[in-house]
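Undergrad: got a predicted structure here, sequence first:
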Amino acid sequence: MADYSGFKEIRVGIDGLVATVEMRRPPHNFFDAALIAEIGDAFDRLDADASVRTLVLAAEGRSFCAGADFSSRMDTGTVQEARRSGAGRHLYKEAIRLFRTRKPIVGAIHGAAIGGGLGLALVPDFRVTCTEARFSANFNRLGFHPGFGLTATLPRLVGAQQAALLFYTGRRIPGDEAVRIGLADLLVKQEEVRSAAQALALEIAQSSPLAVLSTRETLRRGLCDAIEAATERELVEQDWLRRTEDFSEGIKAYAERRLPDFKGR
C-alpha cells in the first residue's frame, strides 16, 4: 500500500477505492503556493496508485478555502513571483497541475469558497455543498482581476452571462443558489457534506475505471490548455492592478468590513 504520510498542510486518507485529500489550515484554509503544491503532489501520487479510482477534496475548519490571505502575504502568483521563484513553482503553475489530474475528483464544499478558494473548488469534477456554504468570485470588489483559472472554469459551468455577473458584483451566493445555477451539483446538510461527497466518489469508482478515465479525457479535452492560457492572462492583469490605488483601497475596505470607495486609479 502506498505511503501518504509526510505532508505538512494536508492529510490523505484511503477508504477502499476512494481517497480523501483534506486541507488542514483551519479555520479558513488560506492558500499559498506551498499548499497548492502539496495538493498537487498528493494528486500525482494518487493518480499513480492503481488501488484508488476517485478522489475527494475536502477541508477542516470553518471555510473550505477563503482564498489568499491578503492581510499577511499576497502569494498569489504574480509575474514577478514567477520570475523570482521559477515558472514551475508559482501558485498558478501549481494550480494547473491539479487540473491535469487524470482521476475524477469530488469537492466537499462545506463552507466558504471565496476568491482563489472558489477557483480551487472548481478543480473537482463535481461539488457537494450545503446551504451554509458561500461561493464568491470577489476579486473585482478588491480592485483585482480574477485568478486561479476562473475566467476559463466559471463560464464553463454557469455560462458566460452568469459568470460575468458573479465577477462584476463579487456577490456571495449560498449553496442552494450555487446548485440552482450549476456551480455545485448536490445539496445536503452541512454535517453530511463530506460523507455525501465520498458516497458520490464511490458511485463513480464502481463504474469501469478505464471507461471513466477515457470518457473524462474526452469531456475535458482542451480544458487544461484553456486554463493555462487563462492563467497567463490573469497573471498579467493582476500584476498591474496590484499596483493601483483601487487595489489598496479594496484590501483596506475588506479588512475594515466596509464598502470600498474606488477612484478608478
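TA: Sure, I can see it.

Undergrad: from now on I want contacts and neighbour counts done on CA atoms only, so please keep to that.
TA: Will do.

Undergrad: and the helices in the protein, which stretches?
TA: Here the chain has its helices, by DSSP state H, at 33-47, 79-85, 91-99, 116-121, 150-158, 160-169, 175-181, 193-205, 209-219, 223-241, 245-255.

Undergrad: below-threshold pLDDT in the stretch 1-150 of the chain: ranges please.
TA: Scanning the stretch 1-150 of the chain for pLDDT under 70 picks out the ranges 1, 70-89.

Undergrad: picking up where we left off before, give me whichever of the helices of the chain is most buried.
TA: By mean neighbour count, with neighbours taken as mean count of other C-alpha atoms under 10 Å, helix 116-121 ranks first of those at a mean of 25.

Undergrad: give me the contact list for that one.
TA: 30-31, 64-68, 95, 107, 109, 113, 127, 135-137, 146-150, 153 (C-alpha atoms under 8 Å, 6 or more residues apart in numbering).

Undergrad: rebuild the helices of the chain as JSON lines, extending it with distance to Gly16.
TA: Formatted as JSON lines, these follow (distance: least, C-alpha to C-alpha, whole Å):
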{"stretch": "helix 33-47", "distance to Gly16": "13"}
{"stretch": "helix 79-85", "distance to Gly16": "38"}
{"stretch": "helix 91-99", "distance to Gly16": "22"}
{"stretch": "helix 116-121", "distance to Gly16": "24"}
{"stretch": "helix 150-158", "distance to Gly16": "30"}
{"stretch": "helix 160-169", "distance to Gly16": "37"}
{"stretch": "helix 175-181", "distance to Gly16": "28"}
{"stretch": "helix 193-205", "distance to Gly16": "9"}
{"stretch": "helix 209-219", "distance to Gly16": "14"}
{"stretch": "helix 223-241", "distance to Gly16": "29"}
{"stretch": "helix 245-255", "distance to Gly16": "43"}
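
Undergrad: quick one: buried residues of stretch 109-128?
TA: Buried residues in stretch 109-128, counted by 16 or more other C-alpha atoms under 10 Å: 109-128.

Undergrad: could you do stretch 52-67 as well?
TA: 52-60, 63-67.

Undergrad: for the helices of the chain, which one sits closest to Ser5?
TA: helix 33-47 (10.0 Å; C-alpha to C-alpha).

Undergrad: from Leu120, how far off is Lys163?
TA: For residue 163 the amino acid is Ala, not Lys. 16 Å (C-alpha to C-alpha, to the nearest Å).

Undergrad: scratch that, Ile173 is what I was asking about
TA: In terms of C-alpha to C-alpha, Ile173 sits 16 Å off from Leu120.

Undergrad: for Glu203, same thing?
TA: Distance from Glu203 to Leu120, by C-alpha to C-alpha: 23 Å.

Undergrad: can you check Pro104 too?
TA: Distance, Pro104 to Leu120, by C-alpha to C-alpha: 15 Å.

Undergrad: contacts for stretch 205-216, please.
TA: Leu17, Val18, Arg53, Thr54, Arg102, Lys103, Pro104, Ile204.

Undergrad: save those residues as a markdown table, and put in distance to Leu187 too.
TA: Shown next, in a markdown table, are the contacts of stretch 205-216 (distance: C-alpha to C-alpha, whole Å):
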| residue | distance to Leu187 |
| --- | --- |
| Leu17 | 23 |
| Val18 | 20 |
| Arg53 | 23 |
| Thr54 | 20 |
| Arg102 | 26 |
| Lys103 | 23 |
| Pro104 | 19 |
| Ile204 | 18 |
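
Undergrad: so which of those residues are in strands?
TA: Assigned to strands by DSSP state E, the following of the contacts of stretch 205-216 qualify: Val18, Thr54.

Undergrad: ok, the contacts of stretch 205-216 vs Gly250, which is closest?
TA: For the contacts of stretch 205-216, the nearest to Gly250 is Pro104 (36.5 Å; C-alpha to C-alpha).

Undergrad: could you list every residue that touches the closest residue to the closest one other than its chain neighbours?
TA: Counting by C-alpha to C-alpha, 6 or more residues apart in numbering, Pro104 lies nearest to Thr54, which is 5.2 Å off, once chain neighbours are set aside. Taking C-alpha under 8 Å, 6+ apart as the contact definition, Thr54 lies against Leu17, Val18, Ala19, Lys103, Pro104, Ile105, Val106, Ala201, Leu202, Ile204, Ala205.
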